[in-house]
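Colleague: predicted model and sequence below, questions to follow.
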There are 2 protein chains.
Amino acid sequence: MSDDLRAVVLLSGGLDSATTLAIARSEGRKVWAMSFAYGQRHAAELACARFQARAQGVVSHQVIDLSDFGRIVADATALVTHSPHDVPDRATGSEDEIPITYVPARNTVFLSYGLALAEAVDATEIWIGANAVDYSGYPDCRPDFLEAFERVANLGTRAGREHPEGAAIRIRAPLVERTKAEIVRTAMELGVDLGRTVSCYAPRGTPSAPLACGTCPSCRIRLAGFAAAGYQDPAAYVATAPSS
Amino acid sequence: MSDDLRAVVLLSGGLDSATTLAIARSEGRKVWAMSFAYGQRHAAELACARFQARAQGVVSHQVIDLSDFGRIVADATALVTHSPHDVPDRATGSEDEIPITYVPARNTVFLSYGLALAEAVDATEIWIGANAVDYSGYPDCRPDFLEAFERVANLGTRAGREHPEGAAIRIRAPLVERTKAEIVRTAMELGVDLGRTVSCYAPRGTPSAPLACGTCPSCRIRLAGFAAAGYQDPAAYVATAPSS
């Protein structure tokens, strides 16, 4: 019965992961949600993750301390607080170029923790909001990376050993090939409170009342997605942000 | 030049990882060593890891706090301090059965951190002391698991994206097909101070002067390996341990 399927959902508190959680819940999954504190600039994310976990009825939600991970990668990414790099003010990623907002091995580390939790609670799925369309510069958001990790998950675990004939553990990335506009539409249809998600790389305001900058690459992609979907973004922006 | 190759070495402080480090150094690698504190019962390991890192001349050695990981997996393994399970007094693993000393997703998590560090310091290799011969019950010590992770490493990173034609990052597991006796012989040839390694799952004594129990599965495998190699184990054991 799919109604009994246990799933781990990686929940950052952004638009994509909140929508991924909503899809998992709409398909009847019992969800163990997992967020990560790795020194990200947008710590307001975690407040949104807690809100979404509660609003969407998960079995449990835990925030994992990855501060040592944040320290290791600090020099190589703009996306943690102790990085020497600034967040760029426009999208720089492409098929050929990986932007400075890429965090080394981040999704590999996140999925590994998801795998440990899945084994611990007998979940057979790990859901992730990875998206290869608008963030094509991130190598660890592509379908072939996710398929490769699924193979690791099945070879490296008890569940995989006990079901050698097939994929005992599945990586579910329902948004991976969707545009941001399609994601916004799905979220609205499923009733996700998108006002309580944070996509901005460097929000102002407070963690519980963040103000998105409206100009970083992530804000631009989000605002363009809402515009293309024909919705107004309910999130709060600083006064100087361009309207969508 | 192989003399310039940068490598991350996962260093637990046990016999296998200390020997793996020695092989990497003997092949001229510049080594960033990495250990993990996840609440393991054998915390004396970390003191040995520090000793080995210093003695073997690594560029840097860091101990990563994985206490949240230890908490997640505590109910599913006997190998962390807050586990409800006891360490078994004999080897229980086999090709068909995974022992209770298996830690869910441990090597996947460790390799993920190794991958993050490798990207951060421009290392192209991650060395791990995984061994499939004596620990055949651990799914995440097998060659096909390690090959699958190498694929993840190359698909999910900047280095992999920039060298799509081949393996820009390699997982090196030089011990994976060796018997424990062969590992002991290699370590002795390379001058590893094996008296400063801990293999015991539940050592007594103090972290800086541990006493191996001599009876847990890991001690039995180690003692049998020394006996088969024709060496005396220089590590300290409690008085009641059987001699090899």
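Modeller: Here it is on my side, so go on.
Colleague: hmm, residue A:151 is touching residue B:147, no?
Modeller: No - contact between residue A:151 and residue B:147 fails when scored by Cβ atoms under 8 Å: they sit 9.3 Å apart. Placement of C-beta: from N, CA and C, glycine included.
Colleague: the more surrounded of these two?
Modeller: With neighbours defined as other Cβ atoms under 10 Å in any protein chain shown, residue A:151 and residue B:147 compare such that residue A:151 has more, 19 against 15.
Colleague: count of neighbours near residue A:162?
Modeller: The number of residues near residue A:162, taken as other Cβ under 10 Å, comes to 12.
Colleague: list the contacts of the closest residue to residue A:45 other than its chain neighbours.
Modeller: Leaving aside its chain neighbours, residue A:45 sits nearest to residue A:13 (3.7 Å; criterion: Cβ to Cβ, 6 or more residues apart in numbering or on different chains). With contacts defined as Cβ atoms under 8 Å, 6 or more residues apart in numbering or on different chains, residue A:13 is in contact with A:35, A:44-52, A:197-198.
Colleague: of those, which is the nearest to chain B?
Modeller: Distance from chain B was checked for each of the contacts of residue A:13 by Cβ to the nearest Cβ. The minimum falls on residue A:35, at 11.3 Å.
Colleague: who are the packing partners of the longest strand along chain A?
Modeller: Looking only at chain A and at elements set by DSSP state E, the strand with the highest residue count is strand A:30-37. Under the contact definition 3 or more Cβ pairs under 8 Å, 6 or more residues apart in numbering or on different chains; DSSP states H and E, strand A:30-37 sits against strand A:6-10, helix A:15-26, helix A:44-55, strand A:60-65, helix A:106-121.
Colleague: tell me where chain A has strands.
Modeller: Secondary structure of chain A (DSSP E): strands located at A:6-10, A:30-37, A:60-65, A:125-127, A:170-172, A:204-206, A:209-211.
Colleague: would TSV of these with mean pLDDT and mean neighbour count be doable?
Modeller: Putting the strands of chain A into TSV (pLDDT from 0 to 100; neighbours: other Cβ atoms under 10 Å in any protein chain shown) gives the following:
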stretch	mean pLDDT	mean neighbour count
strand A:6-10	98	25
strand A:30-37	97	23
strand A:60-65	95	17
strand A:125-127	98	25
strand A:170-172	97	21
strand A:204-206	89	13
strand A:209-211	91	18
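Colleague: give me every residue that touches residue A:50.
Modeller: A:13, A:35, A:61, A:63.
Colleague: who's in contact with the longest strand of chain A?
Modeller: Contacts to strand A:30-37, defined as Cβ under 8 Å, 6+ apart, come from residues A:4-13, A:21, A:24-25, A:43, A:45-46, A:49-50, A:53, A:56-67, A:110, A:113-114, A:117-118, A:121, A:123, A:127.
Colleague: swap the cut-off to 7 Å and go again
Modeller: Contact with strand A:30-37 is made by A:5-13, A:21, A:24-25, A:46, A:49, A:53, A:58-67, A:110, A:113-114, A:117, A:121, A:123, as judged by Cβ atoms under 7 Å, 6 or more residues apart in numbering or on different chains.
Colleague: burial count for residue A:68?
Modeller: 19.
Colleague: so for residue A:78, what's the pLDDT?
Modeller: At residue A:78, the model reports a pLDDT of 58.
Colleague: gap between residue A:30 and chain B?
Modeller: When Cβ to the nearest Cβ, to the nearest Å is applied, the distance between residue A:30 and chain B equals 17 Å.
Colleague: for that residue, give the beta-bridge partners.
Modeller: residue A:6 (DSSP bridges).
Colleague: that one and residue A:4, how far apart?
Modeller: Summarising the geometry, the distance separating residue A:30 from residue A:4, computed by Cβ to Cβ, to the nearest Å, is 7 Å.
Colleague: could you do residue A:14 as well?
Modeller: Separation of residue A:14 from residue A:4 (Cβ to Cβ): 28 Å.
Colleague: the more surrounded of the two?
Modeller: For the pair residue A:14 and residue A:4, the greater number of neighbours falls to residue A:14 (21 against 8), based on other Cβ under 10 Å.
Colleague: what's around the residue lying closest to residue A:188 once chain neighbours are set aside, how many residues?
Modeller: Across the structure, with Cβ to Cβ, 6+ apart as the measure, the residue nearest residue A:188 apart from its sequence neighbours is residue A:231 (6.1 Å). As a burial measure, residue A:231 scores 16 neighbours (other Cβ under 10 Å).
Colleague: where does chain A have low pLDDT?
Modeller: For chain A, applying pLDDT under 70 flags the ranges A:1-3, A:41-42, A:76-98, A:100, A:134-136, A:160-161, A:163-166, A:240-244.
Colleague: can you do 80?
Modeller: Across chain A, the ranges flagged by pLDDT under 80 are A:1-4, A:40-43, A:75-102, A:134-137, A:158-167, A:239-244.
Colleague: show me what from it comes close to chain B.
Modeller: With the criterion set to Cβ under 7 Å from any Cβ of the partner chain, chain A comes near chain B through A:64-65, A:68-69, A:72-73, A:75-76, A:98, A:102, A:104-105, A:107-109, A:112-113, A:115-117, A:119-120, A:139-140, A:144-145, A:148-149, A:151-152, A:155-158, A:160-161.
Colleague: among these, which ones are buried?
Modeller: Among the residues of chain A next to chain B, those that count as buried by neighbour count (16 or more other Cβ atoms under 10 Å in any protein chain shown) are A:64-65, A:68-69, A:72-73, A:76, A:98, A:102, A:104-105, A:107-109, A:112-113, A:115-117, A:119-120, A:139-140, A:145, A:148-149, A:151-152, A:155-158, A:160-161.
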